[in-house]
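> 3D model of this:
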Amino acid sequence: MSSLAMSLTHGLLALMHTTTSLPTDRSITSTYRRPRASRKLGEHHWPRNMNCAQPELGCAEQVHLALGGPGEMIVSWTTLNDLLPSTVKWWGATESEERAHNASGEATAYSQLVFLDPELIDPGMGMPGADEKELLAMQDTTSWAFDPFDPGQKGSSYHEATEVQMGLGEYKNPQEIYNSPLIHTTVLTNLSAGETYRYRVSGDGRDFSFTMPPAAGIAFPYTIGLTADLGQTLVSDANVATLRQRMGEAQPFAGFVLLSGDLAYADGYFSRWDSFGRMIEKLAAEVPLMTTGGNHEIGTAEAWLSYNSRYVMPFRASGSASNLWWSMEAGPVHVIALCSYAATHANSLQYRWLVRDLKRVDRSRTPWLIVMFHAPWYNSNSGHVGESELMRRDMETLLYEHGVDIILCGHVHAYERTHPVYKGCVNDCGPVYLNLGDGGNREGAYIPWRMSPPAWTAFRESSFGVGMLTLHNETHAFYNWTRSACEGANEPGHMNFNASCETIVDG
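Take a look at the predicted model:
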């Protein structure tokens, strides 16, 4: 298991391995090699919640939190029954439930043609995410596609499926249309800084709790969890559990988790959003999960619909016109989320909003400024080379001039940390970039690295892990990245989670 510690002083970086001191003018490429094949988990791995408030109406599930505007917490969950209201019962952790408040929100649902990606049944690593027999049954209409008033006349939907057809489903076949559960969103308001609350959503027999961010100025140390490109594998599940444990141990102030895009890896097979919601619930029902969208939220017929319906961010509270870019203040940090897959030029909605938001940042209140988006600007891996170059040209100078401290990205399925950098050169006043696309998705880690380490690279490794950032005061932070697992050809599921594990590559 590997961990790194670094001290951030608003653009000045000192690097120290926790086991061995290393010179700061040297880039490190780990020799760790990610093996093939980790088992992708099926939807049954995370069973539905069976603890119902009213069993006859079904159970709530997929409960998750996001911070809203000042004094607000956004609560989201799903139900299968539209008779359950969008209400949340909440009360102070030190109060009796008899003094609880009730908040009401709204619910939505959607339907969408499925899109079948070849990796669904033939993934780059691990076992299939869906059964080919199941997909053939979905595409076969021979049991019903006839004109009911003209016996023997095949209807226009008639299709005898002998081979799975990849790509977008047929609108003429209702079996290829995904129908979402009811997605509830309710905002709790007038919450006090630093206070812990308990809550229960309609349809759920379980109680959860959360703690609001502390007030600015008394917010240290303050801990933030970091991940991206999470997906739904054994590694994903382990990383979620690690984030939950680390956030639970953080003292005195545990904040939130930032996920820099690519959440569920549903890729058009939309029921995977439901299984992802069940997987992430153990973390996100008690720790706010703040996200930005990635290519897996817009591509393969996703088109932002599942993402925007399920993961509502505080865009309205931050004056944004879109859930795809937003900002918030929490304790000592101002966080800005941007979208790699929307216009970024100077006349775009996103850029003009960013200019306004940066002008509102008060460094006396929030001395730390963190930006996240999905596709990295600095990347020495062979994957996704230069995909975000136009965005970098449009926005890098703006972020530099406003003294952004840290920029979080994903997309590249490996871990890379830079020295402070600006326009391709190490610059003590530039931000540190953390590329955290190592969350554990089914596509595996990216190798090889495509060049000798450039001067701006501090450390890089093709494996999976999670990051933790603790802001200690106005000028210093401790950052830790931990590799989450090793793999061995003979291990169950090809995974070895022992702390002292070594990776064994077959062949």
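> got the contact list for the nearest residue to P367 once chain neighbours are set aside?
The shortest distance from P367 to any non-neighbouring residue, by CB to CB, 6 or more residues apart in numbering, is to E474 (4.1 Å). (C-beta placed from N, C-alpha, C; glycine too.) Residues near E474 by CB atoms under 8 Å, 6 or more residues apart in numbering: 332, 367-368.
> Turn those residues into CSV, columns for secondary structure.
Formatted as CSV, those follow (DSSP: H, G, I helix; E, B strand; the rest coil):
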residue, secondary structure
P332, coil
P367, coil
W368, strand
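> Nearest to G69 among those?
P332 (17.6 Å; CB to CB).
> Backbone torsions only: list them for Q112.
phi -160, psi 140 (degrees, to the nearest 10).
> tally of neighbours for it?
19 (other CB atoms under 10 Å).
> coming back round to it: in a helix, that's where the residue nearest to P367 is, yeah?
No - counting by three-state DSSP, E474 falls outside a helix, being coil.
> confidence score at it?
Turning to E474, the model gives it a pLDDT of 95.
> got a markdown table for the contacts of E474, with pLDDT too?
Shown next, in a markdown table, are those (pLDDT from 0 to 100):
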| residue | pLDDT |
| --- | --- |
| P332 | 96 |
| P367 | 96 |
| W368 | 97 |
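> The nearest residue to P376 once chain neighbours are set aside pairs with what?
The shortest distance from P376 to any non-neighbouring residue, by CB to CB, 6+ apart, is to C409 (3.8 Å). Note on C409: beta-bridge partners N435, judged by DSSP bridges.
> C409 reaches V432, doesn't it?
No - taking contacts as CB atoms under 8 Å, C409 lies outside contact range of V432: 11.5 Å.
> More neighbours: the two, which one.
Legend: neighbour count by other CB under 10 Å for C409 and V432, higher for C409 (28 against 23).
> List the residues that contact the more buried one.
228, 260, 372-377, 433-437 are the contacts of C409 under CB under 8 Å, 6+ apart.
> could you redo the last one with a cut-off of 7 Å?
Contacts for C409 (CB atoms under 7 Å, 6 or more residues apart in numbering) come out as 260, 373-376, 433, 435.
> if I look at it, how far off is P431?
11 Å (CB to CB, to the nearest Å).
> and what of L324?
Counting by CB to CB, the gap from L324 to P431 is 21 Å.
> Rebuild the contacts of C409 as JSON lines, extending it with secondary structure.
Output for the contacts of C409, formatted as JSON lines (three-state DSSP):
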{"residue": "S260", "secondary structure": "coil"}
{"residue": "F373", "secondary structure": "coil"}
{"residue": "H374", "secondary structure": "coil"}
{"residue": "A375", "secondary structure": "coil"}
{"residue": "P376", "secondary structure": "coil"}
{"residue": "Y433", "secondary structure": "strand"}
{"residue": "N435", "secondary structure": "strand"}
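> May I ask which of those has the most neighbours?
When neighbours are counted by other CB under 10 Å, S260 leads these with 32 neighbours.
> quick one: low-confidence ranges for the stretch 401-507 of the chain?
For the stretch 401-507 of the chain, applying pLDDT under 70 flags the ranges 485-507.
> Would you state the strands of it in chain order?
Here the stretch 401-507 of the chain has its strands, by DSSP state E, counting those that start in this stretch, at 406-409, 415-418, 421-422, 425-426, 432-436, 457-461, 465-471, 477-483.
> Same check on the stretch 251-400 of the chain?
Counting by DSSP E, counting those that start in this stretch, the strands of the stretch 251-400 of the chain are 253-259, 289-291, 326-330, 333-337, 368-372.
> what pLDDT, on average, does the first one get?
Taken as a whole, strand 253-259 has a mean pLDDT of 95.
> which residues does the residue lying closest to D394 once chain neighbours are set aside contact?
Distances taken as CB to CB, 6+ apart put T344 closest to D394, at 4.3 Å, once the chain neighbours are dropped. Each residue near T344 by CB under 7 Å, 6+ apart is listed here: 350-351, 390-391, 394-395.
> Likewise for V201?
Residues counted as contacts of V201 (CB under 7 Å, 6+ apart) are 60, 63, 75, 77, 88.
> Next, format those residues as JSON lines and append distance to P288 and secondary structure.
Shown next, in JSON lines, are those (distance: CB to CB, whole Å; DSSP: H, G, I helix; E, B strand; the rest coil):
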{"residue": "A60", "distance to P288": "18", "secondary structure": "coil"}
{"residue": "V63", "distance to P288": "12", "secondary structure": "strand"}
{"residue": "V75", "distance to P288": "10", "secondary structure": "strand"}
{"residue": "W77", "distance to P288": "14", "secondary structure": "strand"}
{"residue": "V88", "distance to P288": "15", "secondary structure": "strand"}
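> quick one: which of those is most hemmed in?
Going by other CB under 10 Å, W77 tops those with 29 neighbours.
> Verify the stated contact: it with L65.
No - if you go by CB atoms under 7 Å, W77 and L65 don't touch, sitting 10.0 Å apart.
> tell me the phi and psi of E61?
phi -160, psi 180.
> Could you measure from the residue lying closest to it once chain neighbours are set aside over to A254?
In space, E61 comes closest to N49 once its chain neighbours are excluded; the distance is 4.2 Å by CB to CB, 6+ apart. Counting by CB to CB, the gap from N49 to A254 is 24 Å.
> Please apply the same query to R483.
22 Å.
> who's more crowded, those two?
Using other CB under 10 Å as the criterion, R483 and A254 rank with A254 on top: 22 against 19.
> mind checking how far that one is from P367?
A254 sits 19 Å away from P367, taking CB to CB as the criterion.
> where does the stretch 51-200 of the chain have low pLDDT?
Ranges of the stretch 51-200 of the chain meeting pLDDT under 70: 124-127.
> Going along the chain, name the helices of it.
132-139 (DSSP state H, counting those that start in this stretch).
> Kindly report the same for the stretch 201-350 of the chain.
234-249, 271-284, 295-298, 305-310, 349-360.
> per-stretch mean pLDDT over those, give me the minimum one.
helix 234-249 (a mean of 93).
> Quick one: residues in contact with stretch 355-368.
Under CB under 7 Å, 6+ apart, the answer for stretch 355-368 is 216, 318-319, 327, 329, 332-334, 336, 369, 402, 405, 471, 474.
> how close does the residue nearest to L259 when sequence neighbours are not counted sit to S236?
Using CB to CB, 6+ apart and skipping residues adjacent in sequence, the residue nearest L259 is T291, 4.6 Å away. Separation of T291 from S236 (CB to CB): 15 Å.
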